[in-house]
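>>> 3D model of this:
(2 chains)
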Amino acid sequence: MLLARHRGLAVGVSCVALVVAFVAAIALGSVSIPLRQVVAILAGGHADQPAWRTIVVEFRLPKAITAALAGAGLGVAGLQLQTLFRNPLADPFILGISSGASLGVAFVVLAAGGAAGSTLLAGLGPLADLGVAGGAVVGSALVMAIVLAVARRVRSSVTVLIVGLMVGYLTTAIVSLLVWGAVSERLRAYLVWSFGSFGGVDWPKLRILAPAVAVGIVAALLTIKQLNALLLGEEYAASMGVAVRRARMLTIGAASLLAGVVTAFCGPIAFLGIAVAHLARAVTGTSDHRVLVPACAVLGATIALVASVAASLPGSDRVLPLNAVTSLIGAPVVVVILLRSRRFSRAVVT
Amino acid sequence: MLRDVDVCLAGGELACVLGPNGTGKSTLLRTLAGMQPRLAGSVELDGHDVQRLPARDLARRVSVVLTERAEVGLLRAYDLVALGRYPYTGWAGRLRSHDHAVVSWALEATGASDLASRDVSELSDGERQRVMIARALAQEPVVLLLDEPTAFLDVARRVEVTTLLRGLARDTGRAVLFSTHELDLALRTADSVWLLDTAGRVRVGAPEDLVLDGSFARSFEVEGLTFDTAAGRFVSHGASVGRARVRGNGVTARWTRRALEREGYEVVDEGPVDVDVAVLDGPAWRLDGREVRSLGELSAAVRHLGQDEA
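Coordinates of the predicted model:
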């Protein structure tokens, strides 16, 4: 009873935190806009300065939605894979999906530039940007196809994990070769992508990102029962009537979709995928996926929004690399919680 | 690989798959559970082919306790047992009042009710095994299969678990089959023993019948060990260091014989002997006119004797 009330409180606090973070992400930025104006603009009213409206509607709102979607997606994908592989170190990128995306982007930005001369991709216009996202989608989809093909054939999930890791190393090696032979200006474009950013997604791109993330999270919600059974391992799950291979395909497919699409649009965002699931377990005190899947979505979205705000250095013109910020804020937080909470350490150690 | 396996299991029966390591106990259990494809033959359950039954139907008839330790944190014992309701619940796995009743019953039947709100990762090996058995029971199976359920447990816990299994078979009318390589355990609890030997044969019978017809001796015998049919245990027959006699009766005398056997003596009742021990009240022992106060001292004295002669 006490536990249930504690959990109810945790859910309430998490949801409030998400709303606050979302509003903060829209209210704060390099241009300071009064909060009342921001609310008025969001409500469809008029702003004192027309530029504010453009800033809020065309830049900050899609950026905040993107951050929330990316955080939720990566958090849920991390949870799915940690349960499937029964490995607290698993994250959405362990299957080589981010490496695949990196490879795709590297091909688009580095190899194409080298082969076709500097004029082809010189302008960083929307066309080139779409090329980056497209390359990432193709790259991560390719790796995902390989991993799924392996997952359908082999008995053990550990084999799938190792194959994913190896594919990751392979693609990273090819990326290194491309980087080594690249022109420095292309290299910069590639690096900018690899730093990660929620700012590159406008409304048309959100029309792809949002449904893809929604599909991934709904798939996770539809498999909570299987995920709970998989807590005991694949053999026990099978003995309880779980179609293990189908559950594995669904889980890897959903996690790949989430990680792949987020990486394509936002770059390879580190840390969220592995940490959100651990934080969710610490906050809710359970391994039950009926609680954990929504908790990971809410917590992931909140943390991504906070990181996005911090990276934009409100009040200044400079923007920090998102990847650096997520890890700079997140890693110490996780370590502190890990050392303080017996409950949390238990969840990680086992 | 096992050949010519023709076994059957009835409701209310506790059967034990017994055999030395590497004879295929786990393989046999897993094949019966439909967890791995059989190479030949058929496994039927109430007239249904186990391999053809849909996963959910099979899970409602057969449940397992595996040797693999389920390492899981932040899960209460109650919730773990409730996972056993998997084949009965809807897509979200939500428990109805009947499911809760079954979970409580399973916890009670295994004496694990007190553990319900404890976290699984905090349980001792014995407690954890009770909870895993409760989980298997919550599946309400016709057949309960357990692979080496006593492997991680100390002697007292082992007896507790096998007694529990026996009670479950009797009280619930379900068939319970467990594997073990511990002869003693099988002898004491099982209604019937499926005895595997290294040649891939299976013999089925009441444990006592298998002792008397020499099957146990054939299955387990290795160099340096002999099955003592009278005592129902294995004795080491390394090179005997001599013959010994124990004068006296009762428990003390029995353990005195054990002590001398451990020292490598062949204990006989008549004929010429190298060591002659009399059990006195106290208890105390007389050896060569000396009195000792414990079997430890006696063993030391006998060992000393052997070295002097050498």
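>>> show me where pLDDT drops low in the stretch 101-250 of chain B?
B:222-224, B:235-239 (pLDDT under 70).
>>> can you pull the contacts of residue 84?
All of this refers to chain A. Taking C-beta atoms under 8 Å, 6 or more residues apart in numbering or on different chains as the criterion, residue A:84 is in contact with A:90, A:157, A:227, A:230, A:248, A:251, A:252. For glycine as for every other residue, the C-beta is placed from the backbone atoms N, C-alpha and C.
>>> my question was about chain B
So residue B:84 contacts A:240, B:63, B:103, B:106, B:134, B:135, B:136, B:137, B:138, B:139 (C-beta under 8 Å, 6+ apart).
>>> Tell me both backbone torsions, phi and psi, for residue B:62.
When read as degrees, to the nearest 10, the backbone of residue B:62 gives phi -130, psi 130.
>>> so it bridges to which residues?
Residues in a beta bridge with residue B:62, per DSSP bridges, are residue B:143.
>>> Report how many residues lie close to it.
25 (other C-beta atoms under 10 Å in any protein chain shown).
>>> Can you check the pLDDT for whatever residue of the stretch 51-200 of chain A ends up closest to chain B?
Minimum separation of the stretch 51-200 of chain A from chain B (C-beta to the nearest C-beta) falls at residue A:86, amounting to 7.5 Å. Confidence at residue A:86, expressed as pLDDT, is 83.
>>> quick one: contacts for it?
Here residue A:86 is in contact with A:157, A:230, A:231, A:233, B:71 (criterion: C-beta under 8 Å, 6+ apart).
>>> one more time with 7 Å
residue A:233 (C-beta atoms under 7 Å, 6 or more residues apart in numbering or on different chains).
>>> picking that back up, the contacts of residue A:84: which ones sit near chain B?
The subset of those within reach of chain B, by C-beta under 7 Å from any C-beta of the partner chain, is empty.
>>> Which of those residues scores worst on pLDDT?
For these, the pLDDT minimum is residue A:157, 75.
>>> Scan the chain for its longest helix.
Since no chain was named, I'll use chain A. Determined from DSSP state H, the single longest helix within chain A is helix A:126-153.
>>> that's the wrong chain, I wanted chain B
Max-length helix for chain B by DSSP H is helix B:155-172.
>>> closest point of the stretch 151-300 of chain B to chain A, which residue?
Closest point on the stretch 151-300 of chain B to chain A, by C-beta to the nearest C-beta, is residue B:177, at 14.1 Å.
>>> so that residue makes contact with residue B:15?
Yes. The criterion here is C-beta atoms under 7 Å, and residue B:177 meets it with residue B:15 at 4.8 Å.
>>> what's the overlap in contacts for these two?
Common neighbours of residue B:177 and residue B:15 (C-beta under 7 Å, 6+ apart) are residue B:9.
>>> rewinding a little: tell me the buried residues within the contacts of residue A:84.
A:90, A:157, A:227, A:230, A:248, A:251, A:252 (16 or more other C-beta atoms under 10 Å in any protein chain shown).
>>> got JSON lines for those, with secondary structure and distance to residue B:35 too?
What follows is the buried ones among the contacts of residue A:84, written out as JSON lines (DSSP: H, G, I helix; E, B strand; the rest coil; distance: C-beta to C-beta, whole Å):
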{"residue": "A:90", "secondary structure": "coil", "distance to residue B:35": "25"}
{"residue": "A:157", "secondary structure": "helix", "distance to residue B:35": "16"}
{"residue": "A:227", "secondary structure": "helix", "distance to residue B:35": "20"}
{"residue": "A:230", "secondary structure": "helix", "distance to residue B:35": "16"}
{"residue": "A:248", "secondary structure": "helix", "distance to residue B:35": "16"}
{"residue": "A:251", "secondary structure": "helix", "distance to residue B:35": "21"}
{"residue": "A:252", "secondary structure": "helix", "distance to residue B:35": "22"}
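>>> re earlier: for the helix or strand that the longest helix of chain A is followed by, packing partners?
Going down the chain from helix A:126-153, the next helix or strand is helix A:157-180, by DSSP states H and E. With contacts taken as 3 or more C-beta pairs under 7 Å, 6 or more residues apart in numbering or on different chains; DSSP states H and E, helix A:157-180 sits against helix A:97-106, helix A:126-153.
>>> Next, the angle from helix A:157-180 to helix A:126-153.
150 degrees (axes from the mean of the first three to the mean of the last three C-alpha atoms, to 10 degrees).
>>> Go through helix A:157-180 and flag the buried ones.
Within helix A:157-180, the residues scored as buried using 16+ other C-beta under 10 Å are A:157, A:160-161, A:163-164, A:167-168, A:170-172, A:174-175, A:178-179.
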